[in-house]
Every structure is written in structure tokens, then in C-alpha cells.
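Colleague: No sequence on hand, only this structure:
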């Protein structure tokens, strides 16, 4: 199985994030996550690890607003130029605004902090020196996996970091800066019908935002109910698309403490929708924070449940670009990913 990975992800390593209640904590979405996955993959005999191809900005700008991407590219340099304290010890700092836009009336301003509050949704979307380069490499991993799945008509895995499914058309959120799965799916949409299935614990709000008015890409997300879980304001069951996209988006918000049985029941319903849509290609947003004991999740899906998820999704017999999203139980993360992927090899 082809696995696409870039060491560029290590350049994105914020020293902290600001957690619920205003606590400054170590950054959960850290390079150790990738090391755990790589270690587990390298113990198998079916992995073919490769560097991603550079697709340039065009496939990214087909999904994301140009001014937002410009902001990601220049933010850190502008921040150091404007803040002597940050410039003196950049390794101790991360760019975060203190004011956030109410989008129904807001527009980006000329000030960096004003643009930060417009383009960043929360306090986990921390920007440091290497964030933009890491995000570009992550998107190229997803694009290369999509290209491989299209060319070879076989499934492949994009070992993406940072993840992507919380990033919308013009905002970063939840550790995500470029929506890797959406960039890949949009690229594939010129080759045939595409579906995105998001199995991350948190709602794929960015993916929903990007495709909400389109009918050429079916988007489905199975996640913790936003009534109690991040991202809180999107991912409800009655959000089913608008305009041409009406009926082409489906959310499965699940209650706290959902285990294998409840999760697999929702998955079966999602798979039936996928069969009716009859896509040529699948993009699977693979978040392992559904796993029992994940520090950022409240589900109790077991490793056996993850194996069954992989088995049932692979049973669609579609070439899939499997894109890494969340998963923060680092000690279990590599084994969980291998458990999912071995159904597709």
C-alpha cells in the first residue's frame, strides 16, 4: 500500500495551545503522533513509503480563499516584525489573536491581529514559523494519495500533519489550516463522482463548509454531537446542504459514550447513502480520536471496532484516498491506524 509522508510536518510544533477555560497546555497535535504511526507502519510488510509530489497552489486555491492562504503564508513573519518580545524568543511563542470575528458582519482588516481574529476560529489553530510549509506538505500528501488512487485504482494513505477537516474556505480551526481531504476530493471531482466519509470524533465543519452547496461531492460526517462537543456550532443532524447541495451532506451526531454498536449502526446508514450515491472515488477522513480513552474524545470505540469500520468501508470496493485527521491517544495511535489500513491493502 502506498503511504505518502513528509518530514516537513516537524516544522509545525507550537509550544502550547490555549485549552477550554483558558488553560495553557502542551500542544496535543504534535510530531510524536506521526512518529507513532510511522513506527507501527514500518513493522508491517505491506507499506511503500513515499514523498508527496508538489502540486503547487492551484488545487489548494480551488478550495480555499486566496487572501486566507496569503495570511497563512505571511502571518509569522509579520508577527515577529511587529512584536519585539516574540522576535527575541520565537521558540517560546505562537501567534494567536485575542479578538475573534462575528462572521455575520465582519470583514478582515489591515492589522495582523484583526486578520488573525478573522481567519482563525479558535485557540488551537496556533501559527509558528513552520506552520505554512507543514500545511502545504500535508495538502500535497493528500493530493498525491488522490492521484495515486486515481491512477492505480487502489487505495492509498496520506499521513497528513497538520490535519485538515476543521479548516473551512477561509479559516483555520482545531489544529487544521488547509483542508487536506477537501483539496484531494475537489481534485478527484474532475475525474468522477466523489464522496467524503469523515470518521473523526469531531464534526468535519470545514469539509461541510466547503461542499455545502455542491452536488458533485457527497459529504458525510459521523461525530460527537456538537451540542456537547467541539466545534459546537456546526455538525447538527438538520444540516443537509443548501441550493444545489441540498441532500448531499449528512451529519450523524452521536451521544457521549457511544461504543462499537452505536458507531457501527451509524456507519451502516452512512455506507448505504454512499452506495446510493455510487461514487467513483472515496476520500476517507480517518480520525482515530473515536478510540476509547482518547484525551480529546468521549467515545468508547475499541480496536476491534476500528477493524470493523475498516472492513465495512473497504467493502465498498472503491479506490480510497485515506487521509489522516485526529487521534491523540499517542501510544495507541500507530496500532489503530494499522488496524484500519490493513483492510485496504
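Modeller: Yep, it's here. Computed from a predicted model, the values in this text were never measured in an experiment.

Colleague: who does residue 220 bridge with?
Modeller: When assigned by DSSP bridges, residue 220 has beta-bridge partners residue 197, residue 250.

Colleague: Is it in contact with residue 272, as I believe?
Modeller: No: using C-beta atoms under 8 Å, residue 220 makes no contact with residue 272, being 10.6 Å away. Placement of C-beta: from N, CA and C, glycine included.

Colleague: out of these two, which sits in the more crowded spot?
Modeller: Using other C-beta atoms under 10 Å, the more surrounded residue of residue 220 and residue 272 is residue 220, with 26 against 10.

Colleague: OK, contacts around that one?
Modeller: 195-198, 249-252, 270, 273-274 (C-beta atoms under 8 Å, 6 or more residues apart in numbering).

Colleague: if you set the cut-off to 10 Å instead, what comes out?
Modeller: 195-199, 204, 207-208, 248-252, 266-267, 269-271, 273-274, 277, 285 (C-beta atoms under 10 Å, 6 or more residues apart in numbering).

Colleague: okay, the closest residue in space to residue 13 that isn't next to it in sequence: pLDDT?
Modeller: Sequence neighbours aside, residue 31 is the residue nearest to residue 13 in space, at 5.9 Å (criterion: C-beta to C-beta, 6 or more residues apart in numbering). Listed pLDDT for residue 31 reads 98.

Colleague: Residue 31: neighbour count?
Modeller: 16.

Colleague: Roughly how far does it sit from residue 333?
Modeller: Here residue 31 is placed at a distance of 12 Å from residue 333 (C-beta to C-beta, to the nearest Å).

Colleague: cool, and residue 117?
Modeller: The value you get for residue 117 to residue 333, if C-beta to C-beta is used, is 32 Å.

Colleague: neighbour count winner among these two?
Modeller: With neighbours defined as other C-beta under 10 Å, residue 117 and residue 333 compare such that residue 333 has more, 25 against 20.

Colleague: so which strand or helix has the more buried one?
Modeller: Assigning secondary structure by DSSP states H and E places residue 333 in helix 330-341.

Colleague: Just the mean pLDDT for that helix, thanks.
Modeller: Helix 330-341 comes out at a mean pLDDT of 98.

Colleague: swap in stretch 58-72?
Modeller: 98.

Colleague: Going along the chain, name the helices of this structure.
Modeller: Secondary structure of the chain (DSSP state H): helices located at 32-42, 58-61, 66-82, 84-88, 112-119, 131-152, 180-188, 205-211, 260-277, 303-314, 330-341.

Colleague: Need the outlier residue of this structure, farthest from its centre.
Modeller: residue 84 (33.3 Å; C-alpha atoms, centre = their mean).

Colleague: That one and residue 90: what is the separation?
Modeller: Using C-beta to C-beta, one obtains 11 Å as the distance from residue 84 to residue 90.

Colleague: show me where pLDDT drops low in the stretch 51-200 of the chain?
Modeller: Residues of the stretch 51-200 of the chain meeting the criterion pLDDT under 70: none.

Colleague: Not including adjacent chain positions, what is the nearest residue to residue 298?
Modeller: Per C-beta to C-beta, 6+ apart, closest to residue 298 is residue 256, 4.6 Å.

Colleague: Hmm, the one you found is touching residue 228, no?
Modeller: Yes: counting by C-beta atoms under 10 Å, residue 256 does reach residue 228; the two are 6.3 Å apart.

Colleague: that older thread, now restrict the contacts of residue 220 to buried residues only.
Modeller: Buried residues within those, counting neighbours by 16 or more other C-beta atoms under 10 Å: 195-199, 204, 207-208, 248-252, 266-267, 270-271, 273-274, 285.
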